[in-house]
Every structure is written in structure tokens, then in C-alpha cells.
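**Student:** here is the input, now give the coordinates:
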Amino acid sequence: MAEKRHSTIIIVPHAHGKVFKLQLSPVLLKSLMGLGITIGILAIVSLVASGTFLRQRAMYHALQSENKQLKKNNQRLEETVTQVQARLSQFDQRTKALAIAAGVANLFSDSSPVSTGVVGSGGPLTKLGAEPSSLLQRQDRLDRELAKVEQRLSDQAMLLAHTPVLTPVAGVITDGYGPRMDPITHKPAFHEGLDISVAYGTVVTAPADGVVVYADRDAGYGRLLKINHGYGYTTMYGHLDRFLVKEGEHVTRGEAIGKVGMSGRTTGPHLHYEVWKDGERQNPLYYILDAF
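**Tutor:** As a prediction, this is how the structure comes out:
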């Protein structure tokens, strides 16, 4: 039977100390080597796991910090959305007030309210009061409504600018609109305008914006001036001494257009003033707002 081989480990603590000898059988030696390898592997695995844990811990802290920042950002965004909603509500109320003043409130009856949603519903973020898309839709609706109001106000301003609401001269009305006794023939007749008595040479001004369409002599009217104001309005000025504008010229409200005279059939200096709407004579007093 072959002799078992042993391994001997000699331990010398110091130069004069007692020497220790440790004999290891092959089986024990192999066991110790296996144990050492196992411990080494476990140490490596432990180091790797520890590194992974540290990385995950660092990532966790980073995510916590990022989440806090996101909460702050979401809170600021919510405050901003709330402010924008408040401003849009103010604009909405002002737009409706302007629409009522402009007489176009009925144009907004088909405006459907914009639905309200939420954003930031995932995770720990605070929900917001409205989606940005809903705010944009509300803004677009307000833009359209304001455009309608502005257009209506612009139309009304144009209509007012072209409506003869001012007196062409300030004087004494010697004959009004309607039936009367003709001062020359002394017979009943229908007076188609106003006779305003003023001093000879008094400046006549345009009661509204328009275009001069006639400036010439015309039988009983003498020197006659006609202005087309648009929107169906036409005004006539008879018995003028002279014209201060010519045919085709654009005039604005308050601009001098002629001077009072005694041309045509007249018994004294005065202005004969007529207002026409859509081809029909009107009583000028129904339009004059600044006198009489």
C-alpha cells in the first residue's frame, strides 16, 4: 500500500521562537484550496453587489432630487396656468361687455365652452387645472370673438362717420321740412328740406364724410352742392354764394364746403339743406344732433 503524501506547513514566529509544523493531508489541502477559491468568488460577488447597490442608491437619491425639482416646476406651472385662466376669464368678460355695447352679443351664442382636463396625472406630480391645448382653444375663441367685435365697432364707426349728424351751419330755421306756403308764389307747397337763415358768406361745413358728386347751378336751388356719404346717405346744399370744394373731392366731417349766398329762388341769404336716405327725402332734423 502506497504511503499517503502529506503537505507540511512550517510556521516560524521569529528567529529564536518555537517552530510550528502543520501537516495537511491531500484531502484537507484540497478542501482548504476549495474554501479559499469559494471565499474569493464570494468576495468578488460581494464587491460587485456592493458597487451595484451604491450605484442604485446614488440613482435613487438623484431621482428623489429630480422628483423634488419636478414638484416645484409643476407647482409653478400650476400657478401660471391659474393666472392664465384668470386673465382669460377677464378677457372673456370684457369681450362680452364690448359685444353687448357693439350689439353683436348674439354672434357668440354658438360658442361652446371649452372642456377642462388635467395634466401631470402620472406619478406624484400635482394635477393642473387645465391642459395647455384647452387654454390655446380658449384663446383662439376669444381672438375670433374680439375680431367680430372689432369689425362691428369698425363698421359702426364708419357708419357714424358717414351719417350726417351735424348741422352744416348754425342759424335760425325759417322754414322746416313738410307742407308750407311758398314764400314766392304764396301757394301751398311741400318743403323738401330746412331753410337755415344765417349771415351772407357764412361758411357751410360737411355734416359727415363723403364725396362731392355735384357742384353747379341748378334752377331754383341756385348754386347747388351734393355730397354722397355712402350707406345710402346724400345731402344737398342750395342757394350757395360759392363752392369751396369741387366734384369728385373727398370731404370729411366739419370741412368747409361752401359759403351761404342768395343764388336761385330766395328772398334772403340762407342755406337750403336736404337729407336723402336710400333715394328718399328725410327730415334733416331727425339726424342733426348738435343744434336746434
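
**Student:** just the helices in the stretch 51-200 of the chain please.
**Tutor:** With DSSP state H, counting those that start in this stretch, the ranges of helices along the stretch 51-200 of the chain come out as 132-161.

**Student:** so where is it shaky, pLDDT-wise?
**Tutor:** Applying pLDDT under 70 to the stretch 51-200 of the chain flags residues 97-98, 101-132, 183-186.

**Student:** same thing but 90
**Tutor:** Counting by pLDDT under 90, the stretch 51-200 of the chain contains low-confidence ranges at 51-161, 174-176, 178-192.

**Student:** need the contact partners of stretch 169-185.
**Tutor:** 187-198, 202-205, 260, 265, 267, 270-271, 273, 281, 283-285, 291-292 (Cβ atoms under 8 Å, 6 or more residues apart in numbering). The way it works is simple: take the backbone N, C-alpha and C, and place the C-beta from them, glycine included.

**Student:** convert the C-alpha atoms of that stretch to PDB, please.
**Tutor:** The C-alpha coordinates for stretch 169-185 follow below in PDB (Å, rounded to 0.1, in the frame of the first residue of the first chain):
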ATOM      1  CA  VAL A 169     -74.500 125.900 -40.300                       C
ATOM      2  CA  ALA A 170     -75.800 127.200 -37.000                       C
ATOM      3  CA  GLY A 171     -78.600 129.700 -37.500                       C
ATOM      4  CA  VAL A 172     -82.400 130.200 -37.300                       C
ATOM      5  CA  ILE A 173     -84.700 127.800 -39.100                       C
ATOM      6  CA  THR A 174     -87.100 129.900 -41.100                       C
ATOM      7  CA  ASP A 175     -88.800 127.000 -42.800                       C
ATOM      8  CA  GLY A 176     -88.900 123.400 -41.700                       C
ATOM      9  CA  TYR A 177     -89.500 120.100 -43.600                       C
ATOM     10  CA  GLY A 178     -93.000 119.500 -44.800                       C
ATOM     11  CA  PRO A 179     -96.000 121.400 -46.100                       C
ATOM     12  CA  ARG A 180     -95.800 125.200 -46.200                       C
ATOM     13  CA  MET A 181     -96.800 128.400 -48.100                       C
ATOM     14  CA  ASP A 182     -94.300 129.000 -50.800                       C
ATOM     15  CA  PRO A 183     -92.700 132.400 -49.900                       C
ATOM     16  CA  ILE A 184     -92.500 133.400 -53.600                       C
ATOM     17  CA  THR A 185     -95.700 132.000 -55.100                       C
END
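
**Student:** now do the buried residues in that stretch.
**Tutor:** Within stretch 169-185, the residues that count as buried by 16 or more other Cβ atoms under 10 Å are 169, 171, 173, 175, 177.

**Student:** of those, closest to Glu249?
**Tutor:** Of all these, Val169 has the smallest distance to Glu249: 19.6 Å, by Cβ to Cβ.

**Student:** and that closest one, how far from Asp182?
**Tutor:** As for Val169, its distance to Asp182 is 22 Å (criterion: Cβ to Cβ, to the nearest Å).

**Student:** need the residue closest to the centroid of this structure.
**Tutor:** Centroid-nearest residue in the chain: Asp143, 4.6 Å away (criterion: Cα atoms, centre = their mean).

**Student:** now do Gly193 against Gly248, distance only.
**Tutor:** For Gly193, the distance to Gly248 equals 24 Å [Cβ to Cβ].

**Student:** who has more neighbours, those two?
**Tutor:** Using other Cβ atoms under 10 Å as the criterion, Gly193 and Gly248 rank with Gly193 on top: 23 against 9.

**Student:** I'd say the more buried one and Glu274 touch.
**Tutor:** Yes - under the criterion of Cβ atoms under 8 Å, Gly193 makes contact with Glu274 at 3.6 Å.

**Student:** so how far is Val169 from Pro290?
**Tutor:** You called it Pro, but residue 290 is Asp. 11 Å.

**Student:** coming back round to it: for Gly193 and Glu274, list the residues in contact with both.
**Tutor:** Counting by Cβ under 8 Å, 6+ apart, the common neighbours of Gly193 and Glu274 are 236, 238, 281, 284.

**Student:** fine by me, thanks again.
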